[in-house]
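Asks: Sequence first, then the predicted structure:
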Amino acid sequence: MDISRYLPFMSKWANPLKATFFFKLNEKYPRFGFTIGILIASIGILFLLMFPFLALALPFDLYDTVIHAKELKDWINAVIQLVLIGLGGAFSWAIYKLKFTLPSGLDITREKFPHLFELIEELQGEFGNPKIDRIIIRDKYEILVIKTPRSGMPFINTRTLIIGLPVLLTMSPLYFHALLARRIGQLSTQHTPISTRLYFLNNIWLQFKISCHHSKNIFTKILRYFFQLYNPLYQNMLMPLFQEEELEADSYGMDLINHTDMNECIVYEEVVTQFLKNKFWPKIYHMAKRSKTPEFLPYSQITKVVKAGVTNDEISETIQAALKVEMHNPAPTPSLTKRLNHLGHAKPLPPKRLSQTAAEYYLGNNLGKIIQLFDKRWLSKIKKQPK
């Protein structure tokens, strides 16, 4: 029987459990998100541990059953236990052999990028030296930490700090410092140790889902159906907690810069994010479709375009639109109003205009080579896309 054809129906069953419902519930019962998070996370962990438990614990019961077997039902019971041991062993081996892919990007080393490396080490020192195994620069607008399981269990992970080149190219050194402090502070789990671990588990479950999907092992493919249901359920049910963790990340930023600068940083990040999403990238791809060899390459132009395009009017329009988003909008990132309220501010403050970028300050002489590399990679992707 092909279970996959029943998944759409099962997904529809899980669909009513949307994040909106859990936001309302969390509003009424403030500790609901934390409690349900522990419960749902326990289900995923216990599910994975169930198979090695069957393989290791049941042989003792099987031995006892065989020794004392007198009737047919005793032998049937022994056969059932033997089958469960076999399935436990097979699934345990399949889980153990799961392969997880580390995030790809340009590796950051002390030798090549001393200033950026020193900043990261300084922030680690500020937050109790949380371990970071890899640091990479990637092509998207993002700063985040991804924990990648080293085996089939979500306990031992490789921690990758991902820094988006567009962030470096559009943020001032001060704002970039604050955004980086948010993630490194979050990785330290100093403010909310349990909630932060539940936050990182969301991406880990997604990696299990992807890894099971790509595996050719028949038992792993069966596990895939569990994660296809479990991952979106986990994400929807814990969405209020994820927002709380993003607010806590803002608190880590405020540990290092003052409230006014953090307010400006959050506002400027909102403006730049919307500008790149709605104006810069659509224009870039539109121009690329019109020419076999686009002359306008994104990473070499992004700073110049942001400096010219993010005018006072653009800032004002973007802020007004962001302030209209509901306070408890069900999304992984809290609304601008919610973030400002968390800072203790009722109104957004106009950000400082961009003069020197974080890329210029922290990447130094390597900046030109990095931009050239990322533009070359982007151009290669564009040429492979159908016109």
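Replies: Looks like it arrived, so ask away.
Asks: Now the element after the strand or helix carrying residue 175, going C-ward?
Replies: Using DSSP states H and E, residue 175 maps to helix 173-188. The helix or strand immediately downstream of helix 173-188 is helix 193-214, counting by DSSP H and E.
Asks: Run through the neighbouring helices and strands of that next one.
Replies: Counting contacts by 3 or more CB pairs under 8 Å, 6 or more residues apart in numbering; DSSP states H and E, helix 193-214 is packed against helix 32-67, strand 143-149, helix 218-237, helix 239-254. In this view, the C-beta of every residue, glycine as well, is placed from N, C-alpha and C.
Asks: now what about that helix, what contacts it?
Replies: With contact meaning CB atoms under 8 Å, 6 or more residues apart in numbering, helix 193-214 is reached by 34, 37-38, 41, 44, 98-101, 145-149, 154, 157, 186, 189, 220-221, 223-224, 227-228, 230-231, 234-235, 238, 241-242, 244-245, 248.
Asks: Mind checking which of those are buried?
Replies: The neighbour-count test (16 or more other CB atoms under 10 Å) marks 34, 37, 41, 44, 98, 100, 145-149, 154, 157, 186, 189, 220-221, 223-224, 227-228, 230-231, 234-235, 238, 241-242, 244-245, 248 as buried among the contacts of helix 193-214.
Asks: Quick check: residue 172 touching residue 360?
Replies: No: distance between residue 172 and residue 360: 9.9 Å, which falls outside the contact criterion (CB atoms under 8 Å).
Asks: would you put the C-alpha positions of stretch 185-195 in PDB?
Replies: Output in PDB follows, covering the C-alpha atoms of stretch 185-195 (Å, rounded to 0.1, in the frame of the first residue of the first chain):
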ATOM      1  CA  GLY A 185      23.800  35.500  22.200                       C
ATOM      2  CA  GLN A 186      20.900  33.300  21.200                       C
ATOM      3  CA  LEU A 187      23.300  30.400  20.700                       C
ATOM      4  CA  SER A 188      24.600  30.800  24.200                       C
ATOM      5  CA  THR A 189      21.100  30.100  25.600                       C
ATOM      6  CA  GLN A 190      21.800  32.400  28.500                       C
ATOM      7  CA  HIS A 191      18.300  34.100  28.700                       C
ATOM      8  CA  THR A 192      16.000  31.100  27.900                       C
ATOM      9  CA  PRO A 193      18.000  27.800  27.900                       C
ATOM     10  CA  ILE A 194      15.100  25.400  27.300                       C
ATOM     11  CA  SER A 195      13.000  27.600  24.900                       C
END
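Asks: okay, residue 172 and residue 360: which has more neighbours?
Replies: Higher neighbour count among residue 172 and residue 360: residue 172, with 21 against 15, using other CB atoms under 10 Å.
Asks: mind listing what that one touches?
Replies: With CB under 8 Å, 6+ apart, residue 172 has these contacts: 352, 354, 355, 356, 357, 358.
Asks: same check, this time on residue 157
Replies: 147, 148, 149, 150, 204.
Asks: what about the fourth one, distance to residue 45?
Replies: From residue 150 across to residue 45, the span is 16 Å (CB to CB, to the nearest Å).
Asks: In three-state terms, how would the residue of the chain positioned farthest from its centre be classified?
Replies: Computed with CA atoms, centre = their mean, the maximum C-alpha offset from the centroid of the chain is found at residue 70, amounting to 56.0 Å. With DSSP: H, G, I helix; E, B strand; the rest coil as the basis, residue 70 sits in coil.
Asks: picking up where we left off before, between all of the contacts of residue 157, which two are separated the most?
Replies: 150 and 204 (11.4 Å; CB to CB).
Asks: that older thread, same list (the contacts of residue 157) but as TSV, adding pLDDT.
Replies: As requested, these are exported to TSV (pLDDT from 0 to 100):
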residue	pLDDT
147	98
148	97
149	97
150	94
204	97
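Asks: Same list, those residues, but as JSON lines with distance to residue 297 please.
Replies: Listed next are those as JSON lines, based on distance: CB to CB, whole Å:
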{"residue": "147", "distance to residue 297": "33"}
{"residue": "148", "distance to residue 297": "31"}
{"residue": "149", "distance to residue 297": "36"}
{"residue": "150", "distance to residue 297": "37"}
{"residue": "204", "distance to residue 297": "35"}
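Asks: Would you tell me which one of the residues you listed comes nearest to residue 273?
Replies: residue 147 (23.9 Å).
Asks: pretty sure that closest one is in contact with residue 159, am I right?
Replies: Yes: checked against CB under 8 Å, the pair residue 147 and residue 159 is within contact range at 5.6 Å.
Asks: Give me the below-cutoff pLDDT ranges for the stretch 151-300 of the chain.
Replies: Within the stretch 151-300 of the chain, not a single segment meets pLDDT under 70.
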